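J.: predicted model and sequence follow; I will ask about them next.
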Amino acid sequence: MAIAAAVAIIGCSKSNDDGTWLLDGSPKVNAEVVVDETLDLVNDGFMIKDTPEGRKVLARTEIGALYGTYALQRLERTGQADGVLDIKEEPSFERRILNHWDNLNNTIERGYAGWSIWHWGEPVPVELIKEYARLNASIGINGSVLNNVNATPEMLRRDYLERVAEIADVMRPYGVRVYLSVNFSSPAALGGLPTSDPLDPAVQQWWRSKAEEIYSLIPDFGGFLVKANSEGLPGPQDFSRTHADGANMLADALEPYDGIVMWRAFVYAPNSPDRANQAYDEFMPLDGEFRDNVLIQIKNGPVDFQPREPFSPLFGGMTKTAMMVEFQITQEYMGGSNHLVYLSTQLEECLDSDTHCDNEYSTVAEITSGKAYPEVYNTTAIAGVANIGRDKNWCGHYFAQSSWYAFGRLAWNAELSSEEIAREWLQQTFSTEPEFVEPVLDMMMTSRETAVDYMMPLGLHHIFAGEHHYGPEPWYEPEGARLDWLPKYYHQAGPDGIGFDRTRSGSGNVDQYHEPLASMYNSLETCPEELLLWFHHIPWDHRMASGRTFWDEMCHRYDRGVKKVREYQAVWDAAKPYVDEERWEAVRAKLEIQESDARWWRDACVQYFGEFSGMPVPADVEQPERPLEELKKIKLNMKHHN
Ligand code: BDP
């Protein structure tokens, strides 16, 4: 029977020295697996049922059967398979896609776990890619964009496409389709045409031929991801055309093969008075102008994957265009692969955000999963920027795997809670002992808030070191740099206070949100404290809910973050009996780095901002150890942090 073949393929030879959530290869389960095309299920959905003839996994497709088998295995491993099972699952999003920012020289932009797993220019690492695809299948991820959004035109060269086809062949049995990022100038740069103007017939023809070539090699190719007119990359605006002109031209080329275009909304011009306004300003006027095989891929927040941002107002804005969320799983702005930060709570916060758009379904998840405007959503999708590299444990930090895992689980079922995801991940990865699981779970669940505290509490954002986004440099200001790449553009600290005024008397960003959010964010009294400096410029002596001045509160938050990391160290020390020596020691060593980095952040920020507040670090907060001048001299050895 066909599914037996599919399940058998899952077996994998590599041993489990990578510490992943699945400790062995095949999903062997105690059930009969049935594929029946007549079942009432969406593609790749499944049922697990106890029937008089025994336990069954039922699905319409082989991949659905595979997902059901993994789901049952998960239940068995986490002690939830004992009662009578009657389960039906269908995915929240049709396309659950990892975005790899991998370059053809095998480096990875914002990657912290070694070289690219695709091994460009070397023989295809079949076993490694199988294992990667198997891990994805086990959590329902069904697409991979193989290359960096900062795409080189070379990606579409024939020899690379043949290579992509080989990768696609390896991943196909696991239901993982390949997609590619494309460079908008490819017709000129690779094809030798005089222009890449999307309205030029020769350019359109070039893309049509390219699509035909790709599909002749990869019949189930997913489509293109495009970063255009963003951070110096080419795009339709270079030819005075719109984003819609550009996206539609590519969409037309892919349409005969059911391919899609994921057109990114990550755009911002230098010198814009508020970068947070720009995606909305550029895309709202184009709402309804995109082909129905185009999705606008929007970062969760309006600026750039910061430890905390409000959701992007575009999600509540566009009603006639399909949208998808892009999350960052790689920890560009949260400690690379050194800090233990379980990102699921951040994803959940965004997906559950109520945009208050005029529809019964108004959260980001409901809108992007097509519930709110079903006639607009020809397909639905969600993307996560991968944290995967050639490191033995895939992600550089054993706990970073939990964010990859959580992305897959939430993409499959946006209603799951981060807590249940963390629990099942811990149980499958380390131990089912409650004495281990409960404290470590608590550490994971608070870890993102802790990182926010020691890096950028109370709505602060983008005060990173310019070169690497790892450590603090709120003072960073090289000569001639773009203003919107400087921390001071975002923190606006001065003797009168701190924070970016996005209220109606500032940049007006609050009005990109629906009521009651717009007024809630606009007013100092009702703006949530965790977003205060995102929306307001606050006087240093502003009174906070705690009764402290803003300055004292900020110092307390920084300090709280450091102390939390020390608590995590104690939790992990107590976890020693439950974890093998290698993984225990690896996590312990990373927590040591994290504690030291958290102090670095706190000491740098309270002293730097103290120069503006003119106020002392409160006496009940640990006093900075190293003077600011010394901290300013730290130049990171990125090798150590990679
Ligand atoms: C920023 C990254 C940069 C990416 C860019 C993007 O620093 O490396 O190319 O986002 O998403 O966060 O395009």
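T.: Arrived safely, thanks for sending.
J.: okay, CA-based contacts and neighbour counts for the rest of this
T.: OK.
J.: in the stretch 401-550 of the chain, what residue comes closest to the ligand?
T.: When scored by CA to the nearest ligand atom, the stretch 401-550 of the chain has His469 as its residue closest to the ligand, at 7.7 Å.
J.: now do the same contact list for that residue.
T.: For His469, the contacting residues are 332-333, by CA atoms under 8 Å, 6 or more residues apart in numbering.
J.: again with Val579
T.: Here Val579 is in contact with 430-431 (CA under 8 Å, 6+ apart).
J.: mind listing the strands for this protein?
T.: Along the chain, the stretches classed as strands by DSSP state E are 32-35, 46-51, 54-59, 86-89, 95-99, 143-145, 177-182, 223-226, 260-264, 294-299, 323-328, 381-385.
J.: so which residues on the chain come close to the ligand?
T.: Applying CA under 6 Å from any ligand atom, we find that the chain lies next to the ligand at 109, 150, 304.
J.: any stretches of the chain with poor pLDDT?
T.: Low-confidence regions of the chain, defined by pLDDT under 70, span residues 1-18, 20, 22-27, 637-642.
J.: in it, which residue sits nearest the ligand?
T.: Here the residue of the chain nearest the ligand is Asp304; by CA to the nearest ligand atom that distance is 5.4 Å.
J.: what about that residue, how many neighbours?
T.: Asp304 has 18 neighbours, counted by other CA atoms under 10 Å.
J.: list phi and psi for it.
T.: Phi and psi for Asp304, reported as degrees, to the nearest 10, are phi -170, psi 80.
J.: gap between it and His100?
T.: 17 Å (CA to CA, to the nearest Å).
J.: can you check Glu109 too?
T.: 9 Å.
J.: please say which of the two ends up with more neighbours.
T.: Each of Glu109 and His100 has its neighbours counted (other CA under 10 Å); His100 has more, 28 against 17.
J.: wait, that one touches Val385, no?
T.: Yes - counting by CA atoms under 8 Å, His100 does reach Val385; the two are 6.0 Å apart.
J.: just checking, Leu190 touches Pro153?
T.: Yes - with contact defined as CA under 8 Å, Leu190 counts as touching Pro153 (5.9 Å).
J.: and for those two, which residues touch both?
T.: In contact with both Leu190 and Pro153: no residue, using CA under 8 Å, 6+ apart.
J.: looking at these two, which one has more neighbours?
T.: Shown here are Leu190 and Pro153; by other CA under 10 Å, Pro153 has more neighbours (18 against 15).
J.: so how many other residues sit close to the nearest residue to the more buried one once chain neighbours are set aside?
T.: Residue nearest to Pro153 in three dimensions, not counting chain neighbours: Ser186, with 4.9 Å by CA to CA, 6 or more residues apart in numbering. When neighbours are counted by other CA under 10 Å, Ser186 registers 24.
J.: pull the number of nearby residues for Pro539.
T.: Count around Pro539 with other CA under 10 Å applied: 18.
J.: residues contacting the nearest residue to it once chain neighbours are set aside?
T.: Spatial nearest neighbour of Pro539, excluding adjacent residues (CA to CA, 6+ apart): Gly497 at 4.1 Å. Contact partners of Gly497, counting by CA under 8 Å, 6+ apart, are 537-540, 612-613.
J.: change it to 6 Å
T.: Going by CA atoms under 6 Å, 6 or more residues apart in numbering, Gly497 touches 538-540.
J.: ditto for Phe184
T.: Phe184 touches 234-235, counting by CA under 6 Å, 6+ apart.
J.: separation between it and Tyr373?
T.: 29 Å.
J.: what number of residues lie near Pro487?
T.: Neighbour count of Pro487, defined by other CA under 10 Å: 23.
J.: which ones are touching it?
T.: Listed by CA under 6 Å, 6+ apart, the contact partners of Pro487 are 462-463, 474.
J.: helices of the stretch 301-450 of the chain, residue ranges please.
T.: Ranges of helices in the stretch 301-450 of the chain, per DSSP state H, counting those that start in this stretch, are 314-317, 344-351, 364-368, 401-412, 418-429, 434-455.
J.: nearest to Asp86, of those?
T.: Ranking the helices of the stretch 301-450 of the chain by proximity to Asp86 (CA to CA) places helix 401-412 first, at 18.2 Å.
J.: tell me the angle the closest one makes with strand 95-99.
T.: 150 degrees (axes from the mean of the first three to the mean of the last three CA atoms, to 10 degrees).
J.: just the CA coordinates for helix 401-412, please, in PDB.
T.: Extracted C-alpha coordinates of helix 401-412, given in PDB (Å, rounded to 0.1, in the frame of the first residue of the first chain):
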ATOM      1  CA  GLN A 401      15.200  24.000  18.100                       C
ATOM      2  CA  SER A 402      12.200  24.700  20.200                       C
ATOM      3  CA  SER A 403      11.500  27.800  18.200                       C
ATOM      4  CA  TRP A 404      11.700  25.900  14.900                       C
ATOM      5  CA  TYR A 405       9.400  23.300  16.400                       C
ATOM      6  CA  ALA A 406       7.000  25.900  17.700                       C
ATOM      7  CA  PHE A 407       6.800  27.600  14.300                       C
ATOM      8  CA  GLY A 408       5.800  24.400  12.700                       C
ATOM      9  CA  ARG A 409       3.200  23.600  15.300                       C
ATOM     10  CA  LEU A 410       1.600  27.000  15.200                       C
ATOM     11  CA  ALA A 411       1.700  27.000  11.400                       C
ATOM     12  CA  TRP A 412      -0.200  23.800  11.600                       C
END
